[in-house]
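A.B. asks: Quick one, what's the 3D model for this:
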Amino acid sequence: MRRPIGVIAASPTMVGAITVLVAIVAVFLAYNANRGLPFVPTYQITAQVENAKALVPSNEVRIGGLRVGLVDEITPVEHEDGSTTARLELTLDDEVEPLPKDSTVVIRARSALGLKYLEINRGSSSQGWAPGSVVPLNRARPEPVELDQILNTFDQPTRLGVRRNLTEFGGALAGRGVDLNLTLGRLSPLLGHLRSVMRNLGSPAARLDRTFVALEATVAEVAPVAELQAEAFTFLDITFSALARVARPFIQETISRAPATLDALTAQSPRIRPFLRHGRALVGDLAPGARSLAGSAPAIADAITVGIPALNEAPQLNRRLPPTAAALKRFNDDPDVQQGVSRLTATSELLSPTLRFVAPAQSVCDYATLLLRNGATASATGDGGGLGTYQRFIVFDPPTGPNNEGSPSSAPANGGGSDVRNYLHANPYPNTASPGQPRECEAGREPYLIGEQVIGNVPGNQGTP
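C.D. replies: Residues are numbered from 1 along each chain as shown. Take a look at the predicted model:
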């Protein structure tokens, strides 16, 4: 049997209970609205920022201006170096998951009253942050400049300075409206010519950026002499006072003729442009020499001092140069001389490979001189008596054992037997600093490695004499 619906509606107790329940649910939902609706899936992550100033829990989190979540909790984090950062617990909509790992966060102003929100600049990485992940501090961007910070720059001294500038500029422009109009009217032709000038300045070949770098370096150099510059302005005032006496008609006439001079220069510039281009290349080629000239300037000064007497005798030398040059020309045109030079060139090319190996052996190791000295009569046969001289020599006592050097062998001696010296030490091609070899003089200077067979170059660099 069905219970009539009207029975429930007719019960005041039941109606009151349902009304109270609905009111409690409404209050609960209204209280937790800022923290998200219950039973709705969310995406929880943590972000670290340098400073969470003016950011409070329940502030919005936005992506592209749209609300995607809120700041659930803010916790300070103290590091080992004593610095402090902020840790933000974020509750985001599940549609945001996963947030790309190259995304960044920044705290921005929501209004001029100081309200803040956290903006996420979504990245494009294929890898995302899993729920519960901590976005590192390096993904937080510096706090942008706020309106109150801009207004705070206009403190009382700044306001007084702005007021004084407006007064001075206003006084300078007052009563000069006609002149300003004429100036603006005449600027139009100037701007037409200015386009080509600015195009040249904007060209990469002009290297205008280097000008600002040079200006920065110049200002850094000039800063320590600021007081001297102030004195220079004082002296400039004296100079301009002196120039005022000749301003008219002399300087005025110079200025009057400047437009005609500028027109002539404009007309002739295309013709002299190749000269200027070659001049720039010449200056570039001379730059290394100019840098070297700074260190050799004292020697050049001494050379000039010594060279002045020699230059006084130059006329006599100049009279002898023409016949000398003519004789050199006849010598150069002689077929026999040309054939001899050709043969010398061919000889040099033939000797070049040999000299590349022989020259270091002599110039670095001095082997040829040592060989001749050791083979000289005074050294090899310099001793003797009344009946004559005799040659000095050393008896070679080869070690005993298998494959020793005193008899034919089937392999290089490598120990064995009762003689501990029975190890072959041979270096048929010692290093002599020749091309492809270390810079060392190895022949005759090899260390004797006891109890070890050594064939070829010994370990280490033996150096040069």
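
A.B. asks: and residue 113, what element?
C.D. replies: Of the helices and strands defined by DSSP states H and E, none includes residue 113.

A.B. asks: Could you tell me how far it is located from residue 86?
C.D. replies: In this structure, residue 113 and residue 86 are separated by 21 Å, where distance is defined by Cβ to Cβ, to the nearest Å. Bear in mind the C-beta positions are built from the backbone N, C-alpha and C, glycine included.

A.B. asks: More neighbours: which of these two?
C.D. replies: residue 86 (19 against 6; other Cβ atoms under 10 Å).

A.B. asks: you'd agree the more buried one is in a helix?
C.D. replies: No. When DSSP: H, G, I helix; E, B strand; the rest coil is applied, residue 86 is found to be strand, with no helix at that position.

A.B. asks: The residue lying closest to it once chain neighbours are set aside: what secondary structure?
C.D. replies: The spatial neighbour of residue 86 that comes closest, neighbours along the chain excluded (Cβ to Cβ, 6 or more residues apart in numbering), is residue 52 at 3.5 Å. When the structure is split into helix, strand and coil by three-state DSSP, residue 52 lands in coil.

A.B. asks: can you pull the contacts of residue 130?
C.D. replies: residue 98 (Cβ atoms under 8 Å, 6 or more residues apart in numbering).

A.B. asks: ok, back up a step: thinking the residue nearest to residue 86 is in contact with residue 88, fair?
C.D. replies: Yes. Shown here, residue 52 and residue 88 form a contact pair, counting by Cβ atoms under 8 Å, at 6.6 Å.

A.B. asks: and for those two, which residues touch both?
C.D. replies: Shared contacts of residue 52 and residue 88 (Cβ under 8 Å, 6+ apart): residue 74.

A.B. asks: Could you chop the chain up by domain?
C.D. replies: Domain ranges of the chain: 32-150, 410-465, per automatic domain parsing.

A.B. asks: Minimum distance to residue 318: which of those domains has it?
C.D. replies: domain 410-465 (46.2 Å; Cβ to Cβ).

A.B. asks: Which pLDDT value goes with residue 255?
C.D. replies: In this model, residue 255 is scored at 87, pLDDT.

A.B. asks: Just to be sure, it is in a helix?
C.D. replies: Yes. Secondary structure of residue 255, determined by three-state DSSP: located in a helix.

A.B. asks: count of residues packed around it?
C.D. replies: 9.

A.B. asks: who are the neighbours in contact with it?
C.D. replies: With contacts defined as Cβ under 8 Å, 6+ apart, residue 255 is in contact with no residue.

A.B. asks: Point out where the stretch 151-300 of the chain drops to low pLDDT.
C.D. replies: Low-confidence segments of the stretch 151-300 of the chain, defined by pLDDT under 70, are absent; every residue clears the threshold.

A.B. asks: could you redo the last one with a cut-off of 80?
C.D. replies: 151-152, 190-192, 294 (pLDDT under 80).

A.B. asks: Helices of that one, residue ranges please.
C.D. replies: Defined through DSSP state H, counting those that start in this stretch, the helices belonging to the stretch 151-300 of the chain, from first to last, are 156-173, 177-202, 208-222, 226-244, 252-312.

A.B. asks: and of those, who's closest to residue 332?
C.D. replies: Minimum separation from residue 332 across these (Cβ to Cβ) falls at helix 252-312, 27.7 Å.

A.B. asks: just checking, next helix/strand downstream of the closest one?
C.D. replies: Moving toward the C-terminus from helix 252-312, the next helix or strand (DSSP H and E) is helix 314-333.

A.B. asks: so for that next one, what's the average pLDDT?
C.D. replies: 86.

A.B. asks: between that helix and helix 252-312, how big is the angle?
C.D. replies: Relative orientation of helix 314-333 and helix 252-312, computed by axes from the mean of the first three to the mean of the last three Cα atoms, to 10 degrees: 70 degrees.

A.B. asks: and helix 314-333, C-alpha only, in PDB?
C.D. replies: What follows is the C-alpha trace of helix 314-333 in PDB, where atoms were taken according to Å, rounded to 0.1, in the frame of the first residue of the first chain:
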ATOM      1  CA  ALA A 314     121.000  60.600 -47.600                       C
ATOM      2  CA  PRO A 315     121.400  62.800 -50.600                       C
ATOM      3  CA  GLN A 316     124.800  61.300 -51.300                       C
ATOM      4  CA  LEU A 317     123.300  57.800 -50.900                       C
ATOM      5  CA  ASN A 318     120.400  58.700 -53.200                       C
ATOM      6  CA  ARG A 319     122.900  59.700 -56.000                       C
ATOM      7  CA  ARG A 320     124.400  56.200 -55.800                       C
ATOM      8  CA  LEU A 321     121.100  54.300 -55.800                       C
ATOM      9  CA  PRO A 322     120.200  54.700 -59.500                       C
ATOM     10  CA  PRO A 323     123.400  53.100 -60.900                       C
ATOM     11  CA  THR A 324     123.200  50.400 -58.200                       C
ATOM     12  CA  ALA A 325     119.600  49.700 -59.200                       C
ATOM     13  CA  ALA A 326     120.500  49.600 -62.800                       C
ATOM     14  CA  ALA A 327     123.300  47.100 -62.100                       C
ATOM     15  CA  LEU A 328     120.900  44.900 -60.100                       C
ATOM     16  CA  LYS A 329     118.500  45.000 -63.000                       C
ATOM     17  CA  ARG A 330     121.200  43.900 -65.500                       C
ATOM     18  CA  PHE A 331     122.200  41.100 -63.100                       C
ATOM     19  CA  ASN A 332     118.500  40.000 -62.800                       C
ATOM     20  CA  ASP A 333     118.100  40.000 -66.600                       C
END
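
A.B. asks: contacts for that helix?
C.D. replies: With contacts defined as Cβ under 8 Å, 6+ apart, helix 314-333 is touched by 337, 338.

A.B. asks: Can you name the element that comes right after that helix?
C.D. replies: Once the chain leaves helix 314-333, the next helix or strand it forms, by DSSP H and E, is helix 335-363.

A.B. asks: all helices of the stretch 351-465 of the chain, in order?
C.D. replies: Going by DSSP H, counting those that start in this stretch, the stretch 351-465 of the chain shows helices at 367-375, 377-380.

A.B. asks: Could you tell me the least trusted of those helices?
C.D. replies: Comparing mean pLDDT across the helices of the stretch 351-465 of the chain, the weakest is helix 377-380, with a mean of 53.

A.B. asks: confidence score at residue 9?
C.D. replies: Confidence at residue 9, expressed as pLDDT, is 55.

A.B. asks: Make 44 the first number, not 1, from now on.
C.D. replies: Sure, I'll start numbering at 44, so the last one becomes residue 52.

A.B. asks: ok, now which ones touch the spatially closest residue to residue 146 that is not a sequence neighbour?
C.D. replies: Taking Cβ to Cβ, 6+ apart, and ignoring the residues beside it in sequence, residue 146 has residue 166 as its nearest neighbour in space, at 4.2 Å. Residues touching residue 166, when contacts are defined by Cβ under 8 Å, 6+ apart, comprise 143, 144, 145, 146, 147.
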